[in-house]
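# here are the coordinates; sequence isn't available:
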Ligand code: NAD
């Protein structure tokens with residue numbers, strides 16, 4: 001295993017190589033995603049006069065660079081006896097308000113800049129919705145669909161071994177993200193508990209049987225739809241229709257939450273293709289179809305969607321797949337009046353400007369998809385208490401917490417005449433900056 005650690009806010013960058021292996025991980029070129037996050041932060045801190053308020057404190061730098069970057073490789077035996085190498089990441093961005101917190105992504109395109117961007121968003125998101133966590137993110141460059149279950153388990157256990165001294169119930173708590181689920185969290189917990197006595201809270205998003213919280217798997221979709229209902233009221237939309245890009249954890253639970261509130265979902269897609277029915281799709285039946293076949297494609301209650309779902313004629317668009325789905329090139333095709341970002345970073349910064357000019361209201365990811373981390377926090381509390389809550393209590397608390405955050409953002413946006421995204425960053429950065437100053441830098 002090769003391991004490279006950068007303590008960026010520490011005195012000097014540190015490199016650790018285990019087993020004497022050669023350093024294989026190099027920093028990829030910056031992607032637009034990470035540059036987008038940094039440039040938005042710079043814009044906001046400038047408007048907040050953060051430097052002038054706290055002169056010579058280097059506060060801005062704390063938002064621009066993560067505290068620690070861990071890059072390592074693991075070697076995993078395939079079922080046929082051959083050995084494959086996998087690139088692994090964990091980025092700990094900031095822990096001013098509480099221990100590091102953020103999901104683990106399995107995707108063939110995972111790279112360091114993407115993980116850094118996602119970790120930065122976690123810091124901003126947890127501050128915005130008022131939970132005592134910081135921000136982190138992890139990932140492995142892998143296509144999980146190409147590995148058997150046994151191979152995936154070996155990979156997850158190796159990844160956990162590589163992070164034994166970095167993650168923990170009081171230091172850094174991973175959770176599921178794209179390509180991972182409660183199953184992977186159970187493996188991480190099990191591997192970690194072989195080495196540490198207090199282990200249950202090391203990850204959230206666990207199966208109920210090993211200390212998970214009721215309501216966690218649906219929480220991101222449920223939270224999104226809470227914010228969507230608020231915005232529907234604010235915009236005065238009557239009988240709105242919805243299109244959803246991506247039908248994984250977030251997209252499918254958002255669809256179910258829409259259906260439960262009588263909101264019609266007319267179009268849905270996933271990585272394999274799309275479907276539509278302008279009389280409304282039967283969502284519970286679609287979920288059953290996806291559970292059986294692995295895709296929305298071929299669902300009998302809808303027609304095949306040939307066009308880009310971004311351009312689907314609907315009132316509300318829920319991008320719930322991956323980042324960069326709506327760019328300056330395709331933003332003009334959007335027909336919806338409201339976008340609720342289920343995915344992290346689905347609207348690029350330049351597309352954001354185009355859509356704002358078009359009068360489209362965007363509920364930004366750091367607010368809209370915060371339900372997952374909010375209920376992750378409730379899971380941590382339940383693990384610490386050793387006392388488990390009913391689902392209704394979880395959902396009621398989630399509803400209250402995310403609605404409060406929505407109202408703060410919407411008030412700030414109205415007062416300052418800025419977008420919901422900028423208002424969200426403003427509120428979160430201000431909260432963290434004040435805490436940094438109160439804690440002192442000694
Ligand atoms: P997932 O792996 O469960 O689902 C992803 C879905 O997107 C799948 O249906 C996949 O087929 C689809 N998809 C991928 N590429 C696509 C494309 N080009 N076009 C259309 N569909 C495509 O992942 P998830 O957990 O649902 O996460 C989705 C997004 O939400 C990610 O950006 C993630 O970071 C974010 N998010 C997830 C959570 C959570 O609790 N899972 C919390 C906050 C944010």
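Here it is on my side, so go on. If you're wondering where the values come from, they're calculated on a predicted model, not measured in any experiment.
# tell me the residues of the stretch 251-400 of the chain that contact the ligand?
Within reach of the ligand by Cβ under 6 Å from any ligand atom, the stretch 251-400 of the chain has these residues: 251, 269, 270, 271, 320, 321, 322, 342, 343, 344, 369, 372. Any C-beta I mention is one placed from the backbone N, CA and C, and that applies to glycine too.
# so among the residues you listed, where is pLDDT lowest?
Among those, residue 322 carries the weakest pLDDT, at 89.
# of all the residues of the stretch 251-400 of the chain next to the ligand, which two lie farthest apart?
With distances taken as Cβ to Cβ, the most widely separated pair in these is 269 and 372, at 21.4 Å.
# related to what we said a few turns ago, let me have the residues of the stretch 251-400 of the chain next to the ligand in CSV, adding distance to residue 396 and secondary structure as columns.
Output for those, formatted as CSV (distance: Cβ to Cβ, whole Å; DSSP: H, G, I helix; E, B strand; the rest coil):
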residue, distance to residue 396, secondary structure
251, 24, helix
269, 32, strand
270, 31, strand
271, 34, coil
320, 24, coil
321, 29, coil
322, 31, coil
342, 22, coil
343, 26, coil
344, 26, coil
369, 19, coil
372, 17, helix
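# now which of the residues you listed would you call buried?
When those are checked for burial by 16 or more other Cβ atoms under 10 Å, the buried set is 251, 269, 270, 320, 321, 322, 342, 343, 344, 369, 372.
# what's the closest non-adjacent residue to residue 156?
residue 187 (4.4 Å; Cβ to Cβ, 6 or more residues apart in numbering).
# same check on residue 335?
residue 313 is the one closest to residue 335 (Cβ to Cβ, 6+ apart), at 4.8 Å.
# now the one you found. Its backbone dihedrals?
phi -70, psi 100 (degrees, to the nearest 10).
# would you check that it makes contact with residue 337?
No. In this structure, residue 313 is not within contact of residue 337 by Cβ atoms under 8 Å, at 11.3 Å.
# between the two, which has more neighbouring residues?
residue 337 (18 against 13; other Cβ atoms under 10 Å).
# separation between the more buried one and the ligand?
Residue 337 is 22 Å from the ligand, where distance means Cβ to the nearest ligand atom, to the nearest Å.
# what sits closest to that residue if chain neighbours are left out?
Per Cβ to Cβ, 6+ apart, closest to residue 337 is residue 315, 5.7 Å.
# up against the ligand, what does the stretch 51-200 of the chain have?
176, 177, 178, 179.
# give the contact list for residue 257.
Shown in contact with residue 257 (Cβ atoms under 8 Å, 6 or more residues apart in numbering): 218, 221, 222, 224, 225.
# neighbours of the last one, just the number please.
What that stands for is residue 225. Neighbours around residue 225, by other Cβ under 10 Å: 29.
# would you state the helices of this structure in chain order?
32-47, 50-53, 59-64, 112-128, 149-162, 182-193, 216-235, 249-260, 283-293, 349-357, 365-368, 371-385, 391-416, 420-439 (DSSP state H).
# so which of those helices is the most surrounded?
helix 365-368 (a mean of 29; mean count of other Cβ atoms under 10 Å).
# packing partners for that one?
helix 112-128, helix 216-235, helix 391-416, helix 420-439 (3 or more Cβ pairs under 8 Å, 6 or more residues apart in numbering; DSSP states H and E).
# mind putting the ones you listed into CSV with distance to residue 203?
Formatted as CSV, these follow (distance: least, Cβ to Cβ, whole Å):
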stretch, distance to residue 203
helix 112-128, 15
helix 216-235, 11
helix 391-416, 17
helix 420-439, 24
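# redo those helices as TSV? Include mean pLDDT.
Shown next, in TSV, are the helices and strands packed on helix 365-368 (pLDDT from 0 to 100):
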stretch	mean pLDDT
helix 112-128	97
helix 216-235	97
helix 391-416	98
helix 420-439	96
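# so residue 78 touches residue 84, yeah?
Yes. Here residue 78 reaches residue 84: they are 5.9 Å apart, a contact under Cβ under 8 Å.
# ok, now which ones touch the residue of the stretch 201-350 of the chain found nearest the ligand?
Scanning the stretch 201-350 of the chain for the residue nearest the ligand gives residue 248, at 1.7 Å (criterion: Cβ to the nearest ligand atom). Neighbouring residues of residue 248 by Cβ under 8 Å, 6+ apart: 178, 270, 320, 321.
# of those, which pair is most distant in space?
178 and 270 (12.2 Å).
# ok, now how distant is the most centrally placed residue in the chain from residue 77?
When Cα atoms, centre = their mean is applied to the chain, the residue found nearest the centroid is residue 344 (5.2 Å). For residue 344, the distance to residue 77 (Cβ to Cβ, to the nearest Å) stands at 32 Å.
# the top strand by length along the chain: which residues count as buried?
Counting by DSSP state E, the longest strand found in the chain is strand 83-94. Within strand 83-94, the residues that count as buried by 16+ other Cβ under 10 Å are 86, 87, 88, 89, 90, 91, 92, 93, 94.
# bridged to the fourth one, which residues?
What that stands for is residue 89. Beta-bridge pairing for residue 89 (DSSP bridges): residue 71, residue 139.
# how close does it get to residue 431?
Taking Cβ to Cβ, one finds residue 89 at 27 Å from residue 431.
# try the third one
Taking Cβ to Cβ as the measure, residue 88 and residue 431 are separated by 31 Å.
# and if you look at the last one?
With the distance defined as Cβ to Cβ, residue 94 ends up 12 Å from residue 431.
# what does the model give the residue nearest to residue 156 for pLDDT?
The model's pLDDT for residue 187 equals 98.
# quick check, it in contact with residue 158.
No. Counting by Cβ under 8 Å, residue 187 stays clear of residue 158, with 10.6 Å between them.
# just give the number of residues close to residue 329.
Neighbour number of residue 329 under other Cβ under 10 Å is 11.
# show the pLDDT at it.
94.
# got a list of what residue 383 touches?
169, 200, 201, 211.
# in CSV: these, plus neighbour count and pLDDT.
Formatted as CSV, the contacts of residue 383 follow (neighbours: other Cβ atoms under 10 Å; pLDDT from 0 to 100):
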residue, neighbour count, pLDDT
169, 19, 96
200, 18, 91
201, 20, 95
211, 21, 96
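# need the max-distance pair from those residues.
Maximum distance among these (Cβ to Cβ): 10.7 Å, for 169 and 211.
# mutual contacts of those two, please.
200, 201, 383.
# which stretches of the stretch 251-400 of the chain have low pLDDT?
By pLDDT under 70, the stretch 251-400 of the chain has no low-scoring segment.
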